[in-house]
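Trainee: Any chance you could fold what I've pasted below:
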Amino acid sequence: MIDDKILREIYETLESRRDNPIDSYTSNIMQDSSKKAEDKILEKVAEECGEFIIASKNNEEIVWEGTDLIFHTLLLLVYKNIKFDEILEEFEKRRH
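Mentor: Residues are numbered from 1 along each chain as shown. Model prediction:
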């Protein structure tokens, strides 16, 4: 079983790639100068959402597409400077 801390690690990696860009997909999309970076990330979230819906309807690759959607949602939250603990606090509010 994978440790649930992996989401925090991924989030911290995305923050690092935002703050200290390297030659990577995530750094490049957040630093995109040819088009507004936020627009490009939003397009990816929409694309992944559509792919997730289709996967769910077809009952194929749901985990794969769901993970892509979650990843790109995290990417957008990092880009918007939302702290991971803010997300956890919001989940805690919804817990009960």
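Trainee: pLDDT weak spots in this structure?
Mentor: Counting by pLDDT under 70, the ranges of the chain that qualify are 1-2, 34.
Trainee: Counting by contacts, list what the single longest helix found in it packs against.
Mentor: Assignment by DSSP state H gives helix 37-58 as the longest helix of the chain. Helices and strands touching helix 37-58, by 3 or more CB pairs under 8 Å, 6 or more residues apart in numbering; DSSP states H and E, are helix 25-31, helix 62-79. All C-beta spots, glycine's among them, are computed from the backbone N, C-alpha and C.
Trainee: export the ones you listed to CSV and tack on mean neighbour count and distance to Ile87?
Mentor: Shown next, in CSV, are these (neighbours: other CB atoms under 10 Å; distance: least, CB to CB, whole Å):
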stretch, mean neighbour count, distance to Ile87
helix 25-31, 17, 18
helix 62-79, 17, 7
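Trainee: would you turn the ones you listed into TSV with distance to Ala37?
Mentor: Formatted as TSV, these follow (distance: least, CB to CB, whole Å):
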stretch	distance to Ala37
helix 25-31	5
helix 62-79	7
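Trainee: Dump the longest helix of the chain to PDB, keeping only the CA atoms.
Mentor: Backbone C-alpha positions of helix 37-58 (Å, rounded to 0.1, in the frame of the first residue of the first chain) are rendered in PDB as follows:
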ATOM      1  CA  ALA A  37       0.300  29.900 -17.700                       C
ATOM      2  CA  GLU A  38      -3.000  29.800 -15.800                       C
ATOM      3  CA  ASP A  39      -5.000  29.400 -19.000                       C
ATOM      4  CA  LYS A  40      -2.800  26.500 -20.100                       C
ATOM      5  CA  ILE A  41      -3.200  24.800 -16.800                       C
ATOM      6  CA  LEU A  42      -7.000  25.400 -16.800                       C
ATOM      7  CA  GLU A  43      -7.100  23.900 -20.300                       C
ATOM      8  CA  LYS A  44      -5.300  20.800 -19.000                       C
ATOM      9  CA  VAL A  45      -7.700  20.500 -16.000                       C
ATOM     10  CA  ALA A  46     -10.700  20.700 -18.400                       C
ATOM     11  CA  GLU A  47      -9.100  18.200 -20.800                       C
ATOM     12  CA  GLU A  48      -8.400  15.700 -17.900                       C
ATOM     13  CA  CYS A  49     -11.900  16.200 -16.600                       C
ATOM     14  CA  GLY A  50     -13.400  15.300 -19.900                       C
ATOM     15  CA  GLU A  51     -11.100  12.200 -20.200                       C
ATOM     16  CA  PHE A  52     -12.100  11.200 -16.700                       C
ATOM     17  CA  ILE A  53     -15.800  11.500 -17.500                       C
ATOM     18  CA  ILE A  54     -15.400   9.400 -20.700                       C
ATOM     19  CA  ALA A  55     -13.300   6.800 -18.800                       C
ATOM     20  CA  SER A  56     -16.000   6.500 -16.200                       C
ATOM     21  CA  LYS A  57     -18.800   6.200 -18.700                       C
ATOM     22  CA  ASN A  58     -16.800   3.500 -20.500                       C
END
